[in-house]
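# Build the 3D model from these lines:
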Amino acid sequence: MRPQRGGRPPASPPQTVKQLLKVLRQQQSGGGGRPPVSAPPTPTPTHGGPWPGPPLVPPNPCGAPPVPHGGPGGAYGGGAPNLGGCQAAAPFAPPGPPWPQPLAPGGDLGGTLGGLTPDLEPDPEPDPGELAAARAAVRAMDPRELLRQDEEGDTLLHVLCARGLRAPARAAAEAFKALGQLELREHRGKTPLLVAAAAAAGGVVGDLVALGADPDAADHRGRTALHLAATYGLPRVLQAMMSSGVPVNVEARNFEGQTPLHCAVLSHNASLRAGGNPGGVSGGGPPISTPQDRLLCVELLLRMGADCGSQDMKSSQTVLHLAVRGGNLALTHLLLRQPGVAPRLVNVKAHGNTPLHMAAALPGGPSQEPLVRLLLAWGADPGARNLEHDLPHSLLPPGPPGDQLRLLLKSRRGARRPSPTS
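Next up, the predicted model:
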């Protein structure tokens, strides 16, 4: 590093904000007398803003150890535990009975949208004393240190959001807003709001949106906070966004051309394939959410006005196509029961294939026959042809179960065929 004019070069700053937190925590506790050589300089403030006095910061008032963040399964981690008496996002315990899977033919889900699970209780407000102490700590901080980004682009606010530490995160966010930097991004393009969303910190998400954070901000993969919550099965994040009253684009597209509702359906499909073990879905990471969590995300997005008829930009599939293609009988039933969905979508084609084509093309299994019967009951056309001019019955697998369904589809097709005099 080149020396500054008229003085010696400053000490090398820590490589990451997480190291900065560790260094300053050691200084606070008087650990070892002399500060480490990597301790950041403490220049005299020259700003004239709302942080008078020396820039001495207890940047982690809770004393929580710094942790790597990156998300569920590698992108910022799950909800933070309650460390050192700090307010953290409360873990979500899915209420109600387990999701019925598979559903018997003609079975009922036990209610319409919103009847499966009760509304989530909002996260409690942070302790006033803790919030006041956090604000005092932030006011004592030099803005240059507050906004410093580490080698991964993280600021102190990003780290606090990743930990789900609500009181310190709110205090830091207020300061970032005053400095016009509430949308500062780290190396993956995540704003503090996106970091909090990926960390399942619903309370922090609500605070950031209330302070004016852009609810439609997207990361380098085009994912908004709604996409992240839907992908990882985080209903508290969706609840916080919905409860804020701030308009949000529920039809935003990620770079795969998918809306948050597409992501929520794919996530629920994946949780069922993993046998209800979310840890398996995330590639060996810690458990993220249950199938009930992921189903509740579908419900919440529908409450927010998500359009079941939106087709993704790559394959033109609606969420009904995705649910059927995943063999997800219960979710298919839920979607078809939404007002106006069945007559509008049951025969929509995605690259030529209707949902009935996709049900017929499934490789057998216990859900295939109920899916076919369910789609027929809601008006699926067994005479529709795809781009290869295939009828649904020609896609059925060989063997006795497929032969029985073949007869069913052929008979239904004959029943739908108009008479010569009509």
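# By mean pLDDT, point me to the weakest helix or strand of the protein.
helix 278-281 (a mean of 46; mean pLDDT, DSSP states H and E).
# C-terminal to that one, which secondary structure element comes first?
helix 291-303 (DSSP states H and E).
# And that next one, what does it pack against?
helix 225-232, helix 235-243, helix 260-273, helix 329-336 (3 or more C-beta pairs under 8 Å, 6 or more residues apart in numbering; DSSP states H and E). All C-beta atoms are positioned from the backbone trio N, CA, C, and that covers glycine.
# Grab the CA positions of that helix and hand them over as PDB.
The C-alpha coordinates for helix 291-303 follow below in PDB (Å, rounded to 0.1, in the frame of the first residue of the first chain):
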ATOM      1  CA  PRO A 291     -43.300 -29.500   3.100                       C
ATOM      2  CA  GLN A 292     -45.900 -27.700   5.300                       C
ATOM      3  CA  ASP A 293     -43.700 -24.600   5.200                       C
ATOM      4  CA  ARG A 294     -43.400 -24.800   1.400                       C
ATOM      5  CA  LEU A 295     -47.100 -25.400   1.000                       C
ATOM      6  CA  LEU A 296     -47.900 -22.300   3.100                       C
ATOM      7  CA  CYS A 297     -45.700 -20.300   0.800                       C
ATOM      8  CA  VAL A 298     -47.900 -21.300  -2.100                       C
ATOM      9  CA  GLU A 299     -51.000 -20.300  -0.100                       C
ATOM     10  CA  LEU A 300     -49.500 -16.900   0.900                       C
ATOM     11  CA  LEU A 301     -48.500 -16.100  -2.600                       C
ATOM     12  CA  LEU A 302     -52.000 -16.800  -3.800                       C
ATOM     13  CA  ARG A 303     -53.300 -14.600  -1.100                       C
END
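# quick one: buried residues of that helix?
291-302 (16 or more other C-beta atoms under 10 Å).
# quick one, that helix and helix 225-232 angle?
Put simply, helix 291-303 runs at 150 degrees to helix 225-232, going by axes from the mean of the first three to the mean of the last three C-alpha atoms, to 10 degrees.
# Quick check: next helix or strand after helix 291-303?
Once the chain leaves helix 291-303, the next helix or strand it forms, by DSSP H and E, is helix 319-325.
# Need the contact partners of that following helix.
By C-beta atoms under 8 Å, 6 or more residues apart in numbering, the surrounding residues in contact with helix 319-325 are 261-262, 265-266, 269, 308, 310, 317, 331-332, 335-336, 341, 345-346, 348, 350, 353, 355, 358-359, 362, 371, 375.
# Same list, the helices and strands packed on helix 291-303, but as JSON lines with mean neighbour count please.
As requested, those are exported to JSON lines (neighbours: other C-beta atoms under 10 Å):
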{"stretch": "helix 225-232", "mean neighbour count": "30"}
{"stretch": "helix 235-243", "mean neighbour count": "26"}
{"stretch": "helix 260-273", "mean neighbour count": "25"}
{"stretch": "helix 329-336", "mean neighbour count": "24"}
